[in-house]
Structures are given as C-alpha cells and as structure tokens.
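J.: no sequence for this one, just the structure:
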C-alpha cells in the first residue's frame, strides 16, 4: 500500500512540527526538477528538527555514545515533482513509539501541493546496541503524535 | 519484513551491476559516520548507472519528455554504519519489470560488509503520464535481473 | 588583501539582493559546524537568485546554449564559523560589469554576524565562447550594484 | 592573475597527492554538467586526504579543540566544464607552510584535461585561536610540496 492511499497523510494539519525552507539551485538535477535525494535531505531535516525538540540539540549536533539514536529505515514516496525556484514546507509527526524504536511520518509540500510522503524508523542505540526508550522519552516523542494538535 | 531478512539480498554476487566509489569528507555528518542521505546518493548512482546501461546516457543527462523515467518510491534499510575515509561498493539489480514500472534492488558494502539495502520503483512517464514499457525495454532491463550473471 | 579588509563588504546594507535560508542538518560536517562546501552552496544560491532577477528563471533552470552564463572563478573567505540549527542570510551585489564578464560580491550572516565573504566572476559564453554583454544586460546587472539601494 | 597562467599548475605531476573519484549523478545540475559546488566538494576531498596523511585521520574525523585546523580561504578557477558520467582526478600539493597557516594547491582533471584549479588556506587554530605550527608539522606538510616527487 502506498503511503498516499491514506488521505490523512496528505493533510499538513496532521503533522505537529512544520518548517519551511528555500529550495536551492543546488537541489536541482539534470531533470531540472528538485532531485530525489535533495528531497530526502528535506525529510531528514524534519526528523532532525523533531529530535531536537524531543531530545535537545546535543543529541543531533554532539551525539554521545550514551544516548545514540540511529536511523534504521526510511521510505519516500515521490508523488509529484517539485521545482526551483521556490520553497518547500515539511510536516513531521511521530506515528508510533515502541520499546526501543519509534516511527516518523513526513509530508512535503510546494505551493500547498503534497509532492512527497515519507516514513522513517529510528532506534535508540547507545554504544550501537538497541536499548529501551524511557517512559519520559516516549512521552516526549508522543507530544508530536500524528494528528495531534500542537 | 525488512529487506535483510532475505539472505540473497546481502550477497553482492546477485547484483549484476556494480560500482565502487570513494567516500568523500563531505559525506560525513555530525555523527562522524557516512550520512544517511549520502547513502541515498550512492544508491541513486546505482540506479543511474543501470538506467544508462539500459536506456543510454541521454535518458539521464538530457532526459526528453518523450521518454521520461520518474522515480516513484524508494526504501532504504540502514543495517550498519559506514565510515570515512574509505570506499563503498554498490550492487544494483532489476527485481521486477511490470507494465509501465520496474523495480530496483540495491546493496551497499564497505570493506565487504553490507551496510544498506534499498528498493526503488521507477515509472516510464512520458509527458508526466505513465506509459507501457516496450518489450524491448523490458528485455533490456531484465538483462540486469537480480541473481542473474553478467 | 582579504575581502574583509574593506569594512563596506561586511555591511548587509550594501547588498541589494538578500535571502534567508534554513541551515539543514545535512549542512554540518564532522567538525559539527556548517561545512565549507555547504557555505559555497549558499553563495551559489545568491548568485542564482540574482541571475534569475536579471536574466529570468530560464537562464538558470533551462539554460540555452544561445545565452549561456558560465561561472569562471570564485573566492570565499571564511571569517567565522556558522552553526546548526539556525538560519543564514546571504546578501548579493554586482561589483563590476565588464565587456563579457561580470563580478558578484556576497556576504553571509548568521545571527547578524558575517561568517563568509565571497567574490565570483561569470562570463556570458553562448556555445561556450565569451561574447559581449548587451547594454541592456549590463544595465540590468547594475540594478544590483554594490552599495546601491533597491 | 589567474591560477592557470602558471603552466606548472596544470601538470598533474606537480601534485604529490592524487585520488580518482567517480562523478555521481547527483553532482550534475540543471546545466547538465558537473556543478561548481560539486567541484568544490572534490577539492575539499583533496585537502582532507592530505590532512589525513599529515595529521592523521582523527584530525578530520574527530577533530579536537586542541589541534583544530580551520579552512580560512579558498579560490577555485573553473577553466573548463566537466561531465557525467565519468571520473575526476584531483591532485593536491602544499604551496607554502607559514607560521600558523599553510596553503594548498589543487588541480582537477577529467580524461586528462584540467577543468579546475584551486588554492586554499588553512590555519592551525586550537580553541579557535591561531597558533604556530610545530617544526614537525611544517616538515610533515612539506613532504607534499608542490613539484616534489613522492
């Protein structure tokens, strides 16, 4: 099933964390549209912005081996093309928080039109080994629950 | 099911098209490992190298609206970390060729160890609308069949 | 002489074209600051934004061999470090418009502090050979003159 | 004076440190040539490879505030276009080693043709303040002297 089959995934209102960013000339490729990997970079930024809110800036900028969060799996559905010059808006939500892993949902828009949907799984892995999220960490993640208001 | 649950996916011998590339300093992020999006760039290069073999360089470098191939969906499982300095080897295969779309499988290795597996779907979409692959195109794709020798 | 030796170069007011952009997680490197090449990408975006104003979007997005503008030389002085998360503001001006080439000046700021200055030379080179700028093109460039109001 | 006015700068034999790297699809831009900033990334890699030889991998991958090397200024002359698919070869040399700073020279080639020349200045700046290079460090740098054999 494609991510876009769930109409709720296409509605920015369901993503509590949002940012807008300028598309750069360097984001285009020889197809003269925004490159697929550049879109992955915007999605990564949604994940990073959410992790900063939940775990603090150091978790991303000075990650310690004690509290390491690793990205385990990501899927991106490219449902339309995006263009330069312009802006993109990315919405991010937590879809699930499990024992030691949690799942992101993202949607990327240009001029109000969704052009990409993404899911991603992160694992808390201090010293490279999966370890349980604390109740506090799980609660902090779920403040950004999909469909939840902010 | 994770891509790595199929042991055949971890064997470079099953990917008919392979390339080796230098990891660049710019591929590292603040985690001081190879960044997840940089890995997506290597996987994209596997897809591109295969498309060049099948459809010719112009399909990638000077894509025409007549024969446009669009990337519709990609999944990457990050199963280990990769490091700088070093090299990566990426293997690419065609997993399926359907009516108007086809599916790539990729595996990325460093020092003989697989650190990422990926699947991707492309659609033949001249003028932005899905159109059937010709028998000749399908045959050309299947020359790079997963598990097939080259 | 370093670009920063001219105090006028450090004043955003002297750059008629300005944009603000989000620093992305991917812009950091293993030094956990904004990577030098990522800064070159912001500077390139200043150049691109100015070319779009002067020559139209097609000059950048669908460059034709008839009116090709090529980047011939660029210098960047890195005078401070920039950080993630945050924003950057880039100011761009035309320093000179010659017979077939013209010179950009740029300054990049974070939280009001200049962290990079850059100069760049572009050449009008239809079919890869230098050709004179028209009087109209030169006038359009000089609307973004360094120190000029907008 | 342009860097290319010195014919010695165009001769790969004068650069003791060399590497070859694959051009990736992602290195192209809408001009359908290798993007100027992608070329800056190859040049950065030449600098990084040399620093690893001189100061060890940790200086780049786990830079400590004690022995920090910061990039202060870079110039790149783009003297021809480079293309995808293909490879680039980058040669790197030390042009000068001063009290606390040192200067790199680079040349980038495709199919034996030089398409970019670059100079760069780095400063030893532990804790963000310039500090003198030791005699040992200066000697280690000068093992990669421009024009010197390896």
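T.: Okay, I see it. Quick caveat, the model's predicted, so the values are computed rather than measured.
J.: contacts and neighbour counts: CA atoms only from here.
T.: Will do.
J.: who's the nearest residue to residue A:117 once chain neighbours are set aside bridged to?
T.: Counting by CA to CA, 6 or more residues apart in numbering or on different chains, the nearest residue to residue A:117 once its immediate chain neighbours are dropped is residue A:107, at 4.5 Å. Taking DSSP bridges as the rule, residue A:107 bridges to residue A:91, residue A:117.
J.: these two touch, right, residue A:107 and residue A:114?
T.: Yes: counting by CA atoms under 8 Å, residue A:107 does reach residue A:114; the two are 6.7 Å apart.
J.: out of the two, which sits in the busier spot?
T.: Taking other CA atoms under 10 Å in any protein chain shown, residue A:107 and residue A:114 do not tie; residue A:107 has more neighbours (28 against 23).
J.: and the gap between that one and chain B?
T.: Note on residue A:107: its distance to chain B, by CA to the nearest CA, to the nearest Å, is 14 Å.
J.: Check which helix or strand the residue located most distally from the centre of chain A maps to.
T.: Going by CA atoms, centre = their mean, the residue of chain A most distant from its centre is residue A:30, 25.8 Å out. For residue A:30, there is no host helix or strand (DSSP states H and E).
J.: dump the residue contacts of the nearest residue to it once chain neighbours are set aside.
T.: What sits nearest to residue A:30 in space, not counting adjacent residues and going by CA to CA, 6+ apart, is residue D:30, at 4.7 Å. By CA atoms under 8 Å, 6 or more residues apart in numbering or on different chains, the contact list for residue D:30 reads A:28-32, C:60-63.
J.: Kindly recompute the last result at 6 Å.
T.: Residue D:30 is in contact with A:29-30, A:32, C:61, counting by CA atoms under 6 Å, 6 or more residues apart in numbering or on different chains.
J.: Name the residues of the top helix by length along chain A that are buried.
T.: If you go by DSSP state H, chain A has its longest helix at helix A:36-55. Neighbour-count burial for helix A:36-55, with 16 or more other CA atoms under 10 Å in any protein chain shown as criterion, is recorded at A:36-52, A:54.
J.: For chain A, what lies in contact range of chain B?
T.: A:30, A:61, A:72-78 (CA under 6 Å from any CA of the partner chain).
J.: ok, and the most crowded of those residues?
T.: Ranked by neighbour count (other CA under 10 Å), those have residue A:76 at the top, with 25 neighbours.
J.: Which phi and psi values does it adopt?
T.: Backbone geometry at residue A:76, expressed as degrees, to the nearest 10, gives phi -130, psi 130.
J.: Against residue D:75, how distant is the residue nearest to it when sequence neighbours are not counted?
T.: Distances taken as CA to CA, 6+ apart place residue A:118 nearest to residue A:76, at 4.3 Å, with adjacent residues excluded. Distance, residue A:118 to residue D:75, by CA to CA, to the nearest Å: 39 Å.
J.: Does the residue nearest to residue A:117 touch residue A:91 like I think?
T.: Yes: using CA atoms under 6 Å, residue A:107 is in contact with residue A:91, at 5.3 Å.
J.: now the helices for chain A?
T.: Counting by DSSP H, chain A has helices at residues A:36-55, A:58-61, A:135-142.
J.: Who are the packing partners of the last one?
T.: Just to be clear, that refers to helix A:135-142. Helices and strands touching helix A:135-142, by 3 or more CA pairs under 6 Å, 6 or more residues apart in numbering or on different chains; DSSP states H and E: there are none.
J.: Go ahead and name everything in contact with that helix.
T.: For helix A:135-142, the surrounding residues in contact (CA under 6 Å, 6+ apart) are residue A:54.
J.: Go through that helix and flag the buried ones.
T.: Neighbour-count burial for helix A:135-142, counted by 16+ other CA under 10 Å, picks out A:138, A:141-142.
J.: Could you give the number of residues near residue A:143?
T.: By other CA under 10 Å, the residues close to residue A:143 number 16.
J.: Could you report the pLDDT at residue A:129?
T.: pLDDT recorded at residue A:129 is 89.
J.: what about it, distance to chain D?
T.: Residue A:129 sits at a distance of 21 Å from chain D (criterion: CA to the nearest CA).
J.: if I pick that residue, what's in contact with it?
T.: With contacts defined as CA under 6 Å, 6+ apart, residue A:129 has no neighbours.
J.: which regions of chain A lie under the pLDDT threshold?
T.: Applying pLDDT under 70 to chain A picks out residues A:1, A:149-150.
J.: Please list the residues of it that sit near chain D.
T.: Within chain A, the positions near chain D by CA under 6 Å from any CA are A:28-30, A:32.
J.: Would you check which pair of these lies furthest apart?
T.: Greatest spacing in the residues of chain A next to chain D, by CA to CA: A:28 and A:30 (7.0 Å).
J.: Now list whatever residues contact both of those two.
T.: Contact criterion CA under 6 Å, 6+ apart; residues shared by residue A:28 and residue A:30: residue D:29.
J.: Off-centre distance for stretch A:107-114?
T.: 14 Å (CA atoms, centre = their mean, to the nearest Å).
J.: Mind listing what's buried along that stretch?
T.: So for stretch A:107-114, counting by 16+ other CA under 10 Å, buried means A:107-110, A:113-114.
J.: ok, now stretch A:76-95?
T.: Buried residues in stretch A:76-95 (16+ other CA under 10 Å): A:76-79, A:81-85, A:87-95.
J.: can you check stretch A:59-67 too?
T.: By 16+ other CA under 10 Å, the buried positions in stretch A:59-67 come out as A:59-61, A:67.
J.: can you give me phi and psi for residue A:11?
T.: Residue A:11 adopts backbone torsions of phi -100, psi 110, taken as degrees, to the nearest 10.
J.: which residue packs closest to residue A:68, ignoring adjacent ones?
T.: Leaving aside its sequence neighbours, residue A:68 sits nearest to residue A:126 (CA to CA, 6+ apart; 4.7 Å).
J.: Isn't the one you found up against residue A:69?
T.: No: when contacts are counted by CA under 6 Å, residue A:126 is not listed as touching residue A:69 (7.3 Å).
J.: more neighbours, those two?
T.: residue A:69 (24 against 16).
J.: count of residues packed around the spatially closest residue to that one that is not a sequence neighbour?
T.: Using CA to CA, 6+ apart and skipping residues adjacent in sequence, the residue nearest residue A:69 is residue A:124, 4.5 Å away. Residue A:124: 22 surrounding residues under other CA under 10 Å.
J.: Check residue A:56 too.
T.: Using other CA under 10 Å, residue A:56 has 12 other residues around it.
J.: can you give me phi and psi for it?
T.: With angles defined as degrees, to the nearest 10, residue A:56 sits at phi 90, psi 160.
J.: and the gap between it and residue C:85?
T.: Look at residue A:56 and residue C:85: by CA to CA, they are 11 Å apart.
J.: What of residue A:24?
T.: According to CA to CA, residue A:24 and residue C:85 sit 18 Å apart.
J.: Same question for residue A:137.
T.: From residue A:137 over to residue C:85 the distance is 21 Å, taken as CA to CA.
J.: for residue A:51, same thing?
T.: 12 Å.
J.: what are the bridge partners for residue A:20, then?
T.: Counting by DSSP bridges, residue A:20 is bridged to residue A:89.
J.: hang on, isn't it packed against residue A:89?
T.: Yes: taking contacts as CA under 6 Å, residue A:20 lies within contact range of residue A:89: 4.3 Å.
J.: Can you report how many residues lie near residue A:20?
T.: If you count neighbours by other CA under 10 Å, residue A:20 ends up with 17.
J.: follow-up on the earlier one: of the contacts of residue D:30, which is the nearest to residue D:103?
T.: For those, the closest approach to residue D:103 (CA to CA) belongs to residue A:29, at 32.9 Å.
J.: Report how many residues lie close to the closest residue to the closest one other than its chain neighbours.
T.: Nearest residue to residue A:29 in three dimensions, chain neighbours excluded: residue D:29, at 4.6 Å (CA to CA, 6+ apart). Using other CA under 10 Å, the number of residues around residue D:29 comes to 26.
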